[in-house]
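S.K.: build me a model from this:
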Amino acid sequence: MKPDHGQLIYEGKAKRIFQTDQDDRVLVEFKNDATAFNALKRADLKGKGKMNCQISAYLFEVLQAEAVPTHYLSQVDDCWMIAQRVEIIPLEVVVRNIAAGSLCRETPIKEGEELSPPLLDLYFKDDELGDPLITEARIAKLGLISSDQRLEIENLSFRVNILLKNFLKRLDLILVDFKLEFGINKNGQLLVSDEISPDTCRIWDQRILDPKKRILDKDRFRQDLGGVVDAYGEVLKRIQGAFSNDRTCS
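M.R.: You can find the predicted model right below:
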């Protein structure tokens, strides 16, 4: 059942953002839409929105437990969460632990190569331009963020990487890389925002050696491997198991 909400504020590829009766809060609805290649490839995958919402909620809780500031407040329904209203910074932050995807297409680095230390890439969030890789000088030229904010974003991103990588490792899941977005709330605080899910992370099953079968993320859709919903469900099942065990032991 859909929670009561106000007007639609924004609709993206995978989520809708709605007003609430509180100016500093929004309702976020996770959709079943799957997109790839800047939305040139599309599909409706039943159950995807529900799983991404639940996975994101759990992972935001993992971060918040370690004092990482996020926009997440609570999950209110299978596909809905309440979050702080933020102004999204038009940057996508990608942290890479293992070479995959665009890094291997754009450089001589081979897929599967471990990156130590992890590599952080910044992209200008603009669909019409294809979300291009952006330099520090271009960020300054466009006035997107201050140098202090950029450093804060990078430091937070590396911290998030350590926390998520260690948490998922306990579940025999390998965090290959992931994308973060950041927003600024009404108090001027920088918050990890958007979502953290198999739509925004590359996750491999450590228990499987086959390079195709081990994929548990959106690459299954990008590469026409099938089993997208089952893969997301496996990630959710392991995360739920970890939370259940933690609460049992506490």
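S.K.: nearest to the spatial middle of this structure, which residue is it?
M.R.: Taking Cα atoms, centre = their mean as the criterion, residue 196 is the residue nearest the geometric centre of the chain, at 2.9 Å.
S.K.: could you verify that it is part of a helix?
M.R.: No - Residue 196: not assigned to a helix; according to DSSP: H, G, I helix; E, B strand; the rest coil it is coil.
S.K.: helix/strand/coil for residue 242?
M.R.: Secondary structure of residue 242, per three-state DSSP, is helix.
S.K.: pretty sure it contacts residue 170?
M.R.: Yes - if you go by Cβ atoms under 8 Å, residue 242 and residue 170 touch, sitting 6.4 Å apart. In this view, the C-beta of every residue, glycine as well, is placed from N, C-alpha and C.
S.K.: show me which of these two is the more surrounded one.
M.R.: residue 242 (16 against 10; other Cβ atoms under 10 Å).
S.K.: in space, what's closest to that one - neighbours in sequence excluded?
M.R.: residue 171 (5.8 Å; Cβ to Cβ, 6 or more residues apart in numbering).
S.K.: I'd guess that neighbour is in a strand, am I close?
M.R.: No - Residue 171 is assigned coil when assessed by three-state DSSP, not a strand.
S.K.: hang on, isn't it packed against residue 238?
M.R.: Yes - under the criterion of Cβ under 8 Å, residue 171 makes contact with residue 238 at 4.1 Å.
S.K.: any idea how far residue 83 is from residue 106?
M.R.: According to Cβ to Cβ, to the nearest Å, residue 83 stands 33 Å off from residue 106.
S.K.: of these two, which one has the most company?
M.R.: residue 83 (24 against 10).
S.K.: ok, now which ones touch the closest residue to the more buried one other than its chain neighbours?
M.R.: Computed as Cβ to Cβ, 6+ apart, the closest residue to residue 83 that is not its neighbour in sequence is residue 71, at 4.3 Å. Residues near residue 71 by Cβ atoms under 8 Å, 6 or more residues apart in numbering: 83-84, 86, 183, 185, 191-193.
S.K.: where along the protein do the helices fall?
M.R.: 48-64, 102-106, 136-142, 147-169, 219-222, 228-249 (DSSP state H).
S.K.: with mean pLDDT and distance to residue 211 added, can I get the ones you listed in CSV?
M.R.: Output for these, formatted as CSV (pLDDT from 0 to 100; distance: least, Cβ to Cβ, whole Å):
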stretch, mean pLDDT, distance to residue 211
helix 48-64, 98, 23
helix 102-106, 96, 13
helix 136-142, 97, 34
helix 147-169, 98, 18
helix 219-222, 97, 10
helix 228-249, 88, 14
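S.K.: most tightly packed of those helices?
M.R.: Counting by mean count of other Cβ atoms under 10 Å, helix 48-64 has the highest mean neighbour count of the helices of the chain, with a mean of 22.
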